[in-house]
Structures are given as C-alpha cells and as structure tokens.
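Participant: what follows is a protein structure lacking sequence information:
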C-alpha cells in the first residue's frame with residue numbers, strides 16, 4: 001500500500017491495495033493510520049456494488065442507518081445514503097442541493113457522524129467538485145486567547161440551515177425538524193482515537209448556547225472563514241469510481257454546485273456512527 005499526498009493541509013490518495021478483496025487486519029490498520037494522518041483519503045478506479053461498499057465500510061466501525069434523513073436512503077440498503085440530482089419515484093431528489101454550505105455530516109443530530117465514505121457512480125462532464133478543510137489545523141492556528149474562548153463554547157446546530165432545506169418537500173421538512181431539533185455540541189472536540197483537538201463549528205451553526213444569534217454571528221463567521229482559508233483546503237475533482245472518505249471530527253466539507261443541473265450526479269454514502277453527544281436547546285434570541 002502506498003499513499004500520495006493531495007495537498008499540504010489534508011488529503012491523500014491510497015493505492016496498491018485491493019479494498020474489494022479480503023483485506024487483512026494489518027491492511028485495514030494501515031488504511032486507518034493513513035486516514036488519521038491525512039483526514040481525507042481517496043481510492044480511485046473502483047467498481048463497487050452496494051454490498052461491497054457496505055462491507056468495506058464496516059471494517060472501520062458501525063454504520064448509521066440514516067434515520068435522521070430517511071427520504072435519502074437507497075432502497076433496500078438503509079446503510080447507503082443517495083446524494084443525487086436524479087429524480088426518485090418521479091419526485092425531485094431531497095438531496096439534489098445537499099452539502100452546498102460548509103458542514104460536518106449529521107452535526108444536527110445527537111450522534112454526529114464519525115466519518116463518511118462517498119462513492120461516485122455518475123458525474124457531470126465538468127464541475128461538481130467537493131472541498132475539504134482541516135479543522136484540527138484550524139484550531140491549532142488560533143491564538144491561545146481565542147482557544148481559551150472557544151474551548152468554553154457549545155455550538156448549536158439547526159437543520160433549517162442545511163443547504164437546500166427551503167427547497168425540500170414541506171411535509172418532509174416538518175418530519176425532519178421533529179426528528180432533528182436544534183442541538184448543542186462542544187465547539188472544540190477531542191478526537192477519540194488520536195487525541196487531536198479540532199474546531200466543531202460550521203455554516204450550519206445558528207449560535208452558541210447562552211448567547212444570542214447577534215452575539216454569536218461574527219464569531220461563527222470568523223471561525224468559518226479562518227478554517228476555510230485556501231491554504232487549509234483540499235479540492236477534490238471527482239472521477240467515476242472514486243471512493244472518498246473523510247473524518248467528520250477533524251474536517252468540514254462543501255459540495256460545489258458549479259455544474260449543469262441537467263447532467264446527472266449520483267453518489268452513495270456510508271456513514272460511520274460517532275459517539276452520542278449534545279443536548280437539545282430552545283430557539284435562540286435574535
């Protein structure tokens with residue numbers, strides 16, 4: 001197995017290992033080590049069935065059944081989430097505009113995703129890239145004074161801030177908001193495996209618990225801009241057959257909408273379950 005770094009801040013391509021085959025425990029551990037080091041890992045040129053995608057993902061932990069977003073699950077495979085602009089059962093896909101703001105997966109739930117493994121089956125001729133940023137590096141680059149401030153914050157995540165939420169089916173949105181009320185998580189999280197500290201705040205953070213939205217907004221804006229500086233970002237240009245896996249505890253990502261929406265874009269995602277976290281909060285003051 002070999003790795004090739006894809007940017008200075010994060011990201012590495014892994015090759016020389018057959019992930020569809022019967023991986024040994026040492027190979028899985030080597031992949032895991034590379035993942036911890038680079039935060040985002042890429043495998044190219046794959047032809048994965050849903051069963052193979054699920055089987056490989058399970059080597060790294062338990063999988064989420066995506067109950068938080070049930071309308072986006074692949075029929076017959078609740079472990080797989082469809083991220084697509086292709087209609088489903090004659091209706092617009094609920095995930096057609098997903099990911100168009102900086103975020104970490106399932107941060108608006110009581111069990112934020114540990115990691116995600118996204119497989120590309122169809123893509124438009126140009127565009128549709130995904131950008132990733134290193135939230136551990138973003139935390140390290142803060143001043144000691146700012147670290148002492150944000151260490152005490154609880155970031156409140158709100159499903160209504162998910163990109164494309166306003167364009168979803170209203171009845172389904174009512175259901176989703178009942179399942180996913182606003183929830184607070186630590187603004188700085190410690191990775192359970194590596195012990196690395198990372199910022200946990202995004203464009204889906206409405207405010208900090210105990211503060212108004214007006215008080216919180218400039219700090220959230222600063223932290224997001226700080227984390228997504230070009231020198232802290234890797235931009236992935238998709239190819240059909242790519243499997244891109246990222247650690248949601250140390251990264252954020254953004255799905256770009258810079259492609260012709262009449263061209264199909266279809267991805268399948270497994271989600272590794274994270275630790276239970278957070279507490280439900282009432283709406284914030286303006």
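Facilitator: Now that the structure is in, tell me what you want to look at. What you are looking at is a predicted structure, and each value in this text was computed from that prediction instead of being measured.
Participant: can you map out the helices along this structure?
Facilitator: Listed in chain order, the helices found in the chain under DSSP state H are 25-38, 50-58, 135-140, 144-150, 170-179, 213-227.
Participant: these: lowest mean pLDDT?
Facilitator: Of all these, the minimum mean pLDDT falls on helix 170-179 (a mean of 87).
Participant: list the buried residues for that one?
Facilitator: Across helix 170-179, burial judged by 16 or more other C-beta atoms under 10 Å covers 173, 176. C-beta here means a position set from N, CA and C on the backbone, and glycine is covered the same way.
Participant: also stretch 63-77?
Facilitator: So for stretch 63-77, counting by 16+ other C-beta under 10 Å, buried means 63, 64, 66, 68, 69, 71, 72, 73, 74, 77.
Participant: from the chain's centroid, how far away is that stretch?
Facilitator: Distance of stretch 63-77 from the chain centroid (C-alpha atoms, centre = their mean, to the nearest Å) equals 15 Å.
Participant: again, but for stretch 269-285
Facilitator: 13 Å.
Participant: and what of stretch 176-192?
Facilitator: Centroid separation for stretch 176-192 versus its chain: 13 Å, with C-alpha atoms, centre = their mean.
Participant: now do stretch 97-113
Facilitator: Chain-centre distance of stretch 97-113: 6 Å, with C-alpha atoms, centre = their mean.
Participant: that stretch: end-to-end distance?
Facilitator: One end of stretch 97-113 sits 20 Å from the other (C-alpha to C-alpha, to the nearest Å).
Participant: ok, stretch 90-110 next?
Facilitator: Stretch 90-110: ends 32 Å apart by C-alpha to C-alpha.
Participant: what residues are up against residue 41?
Facilitator: Counting by C-beta atoms under 8 Å, 6 or more residues apart in numbering, residue 41 makes contact with 3, 11, 12, 13, 14, 31, 34, 35, 244, 245, 246.
Participant: from these, which land in strands?
Facilitator: The strands, defined by DSSP state E, take in 3, 12, 13, 14, 244, 245, 246 from the contacts of residue 41.
Participant: closest to residue 194 out of those?
Facilitator: Comparing these against residue 194 with C-beta to C-beta places residue 246 closest, at 14.5 Å.
Participant: check contacts around the residue lying closest to the closest one once chain neighbours are set aside.
Facilitator: Residue nearest to residue 246 in three dimensions, not counting chain neighbours: residue 40, with 4.5 Å by C-beta to C-beta, 6 or more residues apart in numbering. For residue 40, the contacting residues are 6, 10, 11, 12, 132, 234, 236, 244, 245, 246, 247, 251, by C-beta under 8 Å, 6+ apart.
Participant: try it again at 7 Å.
Facilitator: Applying C-beta atoms under 7 Å, 6 or more residues apart in numbering to residue 40 gives the contacts 10, 11, 132, 234, 244, 246, 251.
Participant: tell me the pLDDT at it?
Facilitator: 98.
Participant: try residue 165
Facilitator: In this prediction, residue 165 carries a pLDDT score of 77.
Participant: so which of the ones in strands among the contacts of residue 41 wins on neighbours?
Facilitator: Greatest neighbour count in these, by other C-beta atoms under 10 Å, goes to residue 246: 28 neighbours.
Participant: and residue 9, how many neighbours?
Facilitator: By other C-beta under 10 Å, 22 other residues sit near residue 9.
Participant: ok, the closest residue to residue 194 other than its chain neighbours to residue 192 distance?
Facilitator: What sits nearest to residue 194 in space, not counting adjacent residues and going by C-beta to C-beta, 6+ apart, is residue 36, at 5.3 Å. Residue 36 sits 11 Å away from residue 192, going by C-beta to C-beta, to the nearest Å.
Participant: kindly report the same for residue 236.
Facilitator: Following C-beta to C-beta, the distance that separates residue 236 from residue 192 is 25 Å.
Participant: now swap in residue 267 and tell me
Facilitator: 27 Å.
Participant: how about residue 71?
Facilitator: According to C-beta to C-beta, residue 71 and residue 192 sit 30 Å apart.
Participant: could you pull out the strands for the stretch 151-286 of the chain?
Facilitator: Here the stretch 151-286 of the chain has its strands, by DSSP state E, counting those that start in this stretch, at 154-157, 183-186, 188-190, 197-199, 205-208, 233-236, 243-247, 251-255, 266-272, 279-280.
Participant: adding distance to residue 100, write those out as JSON lines.
Facilitator: Supplementary listing: the strands of the stretch 151-286 of the chain in JSON lines, determined by distance: least, C-beta to C-beta, whole Å:
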{"stretch": "strand 154-157", "distance to residue 100": "16"}
{"stretch": "strand 183-186", "distance to residue 100": "21"}
{"stretch": "strand 188-190", "distance to residue 100": "24"}
{"stretch": "strand 197-199", "distance to residue 100": "20"}
{"stretch": "strand 205-208", "distance to residue 100": "16"}
{"stretch": "strand 233-236", "distance to residue 100": "15"}
{"stretch": "strand 243-247", "distance to residue 100": "17"}
{"stretch": "strand 251-255", "distance to residue 100": "6"}
{"stretch": "strand 266-272", "distance to residue 100": "14"}
{"stretch": "strand 279-280", "distance to residue 100": "26"}
